[in-house]
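Q: Sequence and predicted structure are below.
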There are 2 protein chains.
Amino acid sequence: MTPTCFKREGQACIACHVGRRSDWHDLDQPASALLASGRRRREYGSGELVFTQGEPNDGVHCVSGGTVGIRRLDEKGNSVLLELAYPGDTIGYRSFLTGSEHKTSAEALGPSVVCHIDRVTIAALLGGNPALGLRFLKRSIGELEHAHDMIFRQATLSNRHKLVHLLLVLVVRHGRLNSNGAQSIDLPVSRRDLASMVGTRHETISRIIGRLETDGVAHFSGRQVTIPSVDALAAEIDCLI
Amino acid sequence: MTPTCFKREGQACIACHVGRRSDWHDLDQPASALLASGRRRREYGSGELVFTQGEPNDGVHCVSGGTVGIRRLDEKGNSVLLELAYPGDTIGYRSFLTGSEHKTSAEALGPSVVCHIDRVTIAALLGGNPALGLRFLKRSIGELEHAHDMIFRQATLSNRHKLVHLLLVLVVRHGRLNSNGAQSIDLPVSRRDLASMVGTRHETISRIIGRLETDGVAHFSGRQVTIPSVDALAAEIDCLI
DNA sequence: GCACAAAATTGACGATCATCAACGACGATC
DNA sequence: GATCGTCGTTGATGATCGTCAATTTTGTGC
């Protein structure tokens, strides 16, 4: 699971198996050298901020290991977790391209590794590699359609169904098959963040979790979730009749 | 209000005052000529579909007049109005750039004029004008941040506050100042669509409207809304204490 | 003008939610 | 080890919402 490049500081993203799935995988030789010299790897502890909402952009970041949460805050202390970023995902590119301050914060959810590429390097790379800009465009479109899916679910699903959907999404990235055939998830987020992703309060999430427990479709113990049958859970969303 | 180019069929977007605010405003001479030959203007009646979710992409569209709703549907008949597109906005570019079928439907909300640019023309324009791709990227990023705003509001605001926010947004595009200083809006959408944008049911929207009426902050008569004081309405969202 | 379909409103009821409060568990810090 | 703050859970209560149903209004086509 851990990329080999974690241990080799000077290695180029292009040779990193994470990098091969990233936006930077098919740069030409000089561009790759430029990227190797202009990027900095850094490890983040759980809860550390990669960048902060409202601060000026200082280049783009690429997740290399772990999970990074993209969060939006307001003046009243409300916090909503908008996206989760995984190895290979480029983050912070929007404020770079629009030349504005960060509209969201990026926070390591658990120990993570993130590369940073400074403004001049990324600008030079974009100028010499038109395909890179196109890849940012595709990424942006993908995120936009993901956001539209989210808005659609927020408007049409009940809170319980939204939580079930979220669990099913988290299974893909964080799930592991148990010996008895059940799926287990180590949740990367707190109950409060879970609540913000569903669009409700944390007390309500607690109660919905309680109902999922009594219904026997999922068992929660701290941040560990066990799902006896993923199919049974998925059936909740499909078969509403 | 009506652009002069509405009456001149053969005119280039570059000379249209709508076009000057669109993604196509600073093309060079040959590109402009290519655009003029490859685009088709068409008028749409209220409720007519510009493109349909699930169908293959056949180029991009540019709104020239009226209002176009971007809608997502599911198998169970649920419908959510995700965005409103106005003159100057390019729509349908996402499925073109990703080479996929349309993920949303576009519907004229009232009489509208929309230009269509076929696939080969837009591909040629993109190849010869790198700035055009960059503009699509900026548009996509803008829509993404708009979607994030929406997700944040869906998660943090009450239904009443969401409706108030929606009214305040609609004032900008559809409002007109009354003689007595009040603002009037001709809503471009039905109550059902209003409900989908707020993320609730149309019966609930009816009741919230009733409460806004009794509170005297807005008066509804069919699709016409009168707001005595926009500031008083805006104060509802800011001052929650 | 009439008929029909769709939209919008209103009522009633049970389900769900937000809020406030209290409490225990946990981790960080000194 | 003691303290503090955060997180998570649970209870109680009033408010809001979803659903079903009945009704009125609106709009459209003939």
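A: Structure received.
Q: quick one, what contacts the closest residue to A:Arg160 other than its chain neighbours?
A: Leaving aside its sequence neighbours, A:Arg160 sits nearest to A:Ile208 (Cβ to Cβ, 6 or more residues apart in numbering or on different chains; 5.3 Å). C-betas here are computed from N, CA, C, even on glycine. Neighbour list for A:Ile208: A:Asn159, A:Arg160, A:Leu163 [criterion: Cβ atoms under 8 Å, 6 or more residues apart in numbering or on different chains].
Q: which of those residues lies closest to B:Ala155?
A: Ranked by distance to B:Ala155 (Cβ to Cβ), the contacts of A:Ile208 are led by A:Asn159 at 11.2 Å.
Q: Hmm, the closest one is touching A:Arg201, no?
A: No. With contact defined as Cβ atoms under 8 Å, A:Asn159 does not reach A:Arg201; the gap is 9.8 Å.
Q: Which one of these two is surrounded by more residues?
A: Between A:Asn159 and A:Arg201, counted using other Cβ atoms under 10 Å in any protein chain shown, A:Asn159 has the larger neighbour count: 17 against 13.
Q: The more buried one: what's it in contact with?
A: So A:Asn159 contacts A:Val198, A:Gly199, A:Thr200, A:Thr204, A:Ile208 (Cβ under 8 Å, 6+ apart).
Q: Please tell me which one of these counts the most neighbours.
A: If you count neighbours using other Cβ under 10 Å, the busiest of the contacts of A:Asn159 is A:Val198, which has 25 neighbours.
Q: For that residue, give its distance to DNA strand C.
A: For A:Val198, the distance to DNA strand C equals 8 Å [Cβ to the nearest atom of the strand, to the nearest Å].
Q: again with A:Val171
A: Distance, A:Val171 to DNA strand C, using Cβ to the nearest atom of the strand: 22 Å.
Q: Pull out the buried positions in whichever strand or helix holds A:Ala36.
A: Using DSSP states H and E, A:Ala36 sits in helix A:29-38. Neighbour-count burial for helix A:29-38, counted by 16 or more other Cβ atoms under 10 Å in any protein chain shown, picks out A:Ala31, A:Ser32, A:Leu34, A:Leu35, A:Ala36, A:Gly38.
Q: other SSEs contacting that helix?
A: In terms of contacts (3 or more Cβ pairs under 8 Å, 6 or more residues apart in numbering or on different chains; DSSP states H and E), helix A:29-38 is packed against helix A:119-128.
Q: what sits against A:Ser112?
A: By Cβ under 8 Å, 6+ apart, the contact set of A:Ser112 is A:Glu43, A:Tyr44, A:Val63, A:Gly65, A:Gly66, A:Thr67, A:Val68.
Q: Specify which member of those residues is nearest to DNA strand D.
A: Closest approach to DNA strand D among the contacts of A:Ser112 (Cβ to the nearest atom of the strand): A:Thr67, at 15.3 Å.
Q: Double-check that closest one against A:Val113; I have them as touching.
A: No. If you go by Cβ under 8 Å, A:Thr67 and A:Val113 don't touch, sitting 10.9 Å apart.
Q: Need the mean per-residue confidence for the longest helix seen in chain A.
A: Longest helix in chain A by number of residues (criterion: DSSP state H): helix A:130-156. The predicted model assigns helix A:130-156 a mean pLDDT of 93.
Q: mind checking how far it is from the chain centre?
A: Offset of helix A:130-156 from its chain centre (Cα atoms, centre = their mean, to the nearest Å): 13 Å.
Q: near chain B at all, that helix?
A: Yes. On the criterion Cβ under 8 Å from any Cβ of the partner chain, helix A:130-156 is in touch with chain B at A:130, A:133-134, A:136-138, A:140-145, A:147-148, A:150-152, A:154-156.
Q: List only buried entries from those.
A: Taking 16+ other Cβ under 10 Å as the criterion, what is buried in the residues of helix A:130-156 next to chain B is A:133-134, A:136-138, A:140-141, A:143-145, A:147-148, A:150-152, A:154-156.
Q: near DNA strand C, from the residues you listed?
A: By Cβ under 7 Å from any atom of the strand, no member of these lies near DNA strand C.
Q: returning to what we had before: what helices and strands are in contact with the longest helix of chain A?
A: With contacts taken as 3+ Cβ pairs under 8 Å, 6+ apart, helix A:130-156 sits against strand A:79-85, helix A:93-98, helix A:119-128, helix A:159-174, strand B:79-85, helix B:93-98, helix B:130-156, helix B:191-198.
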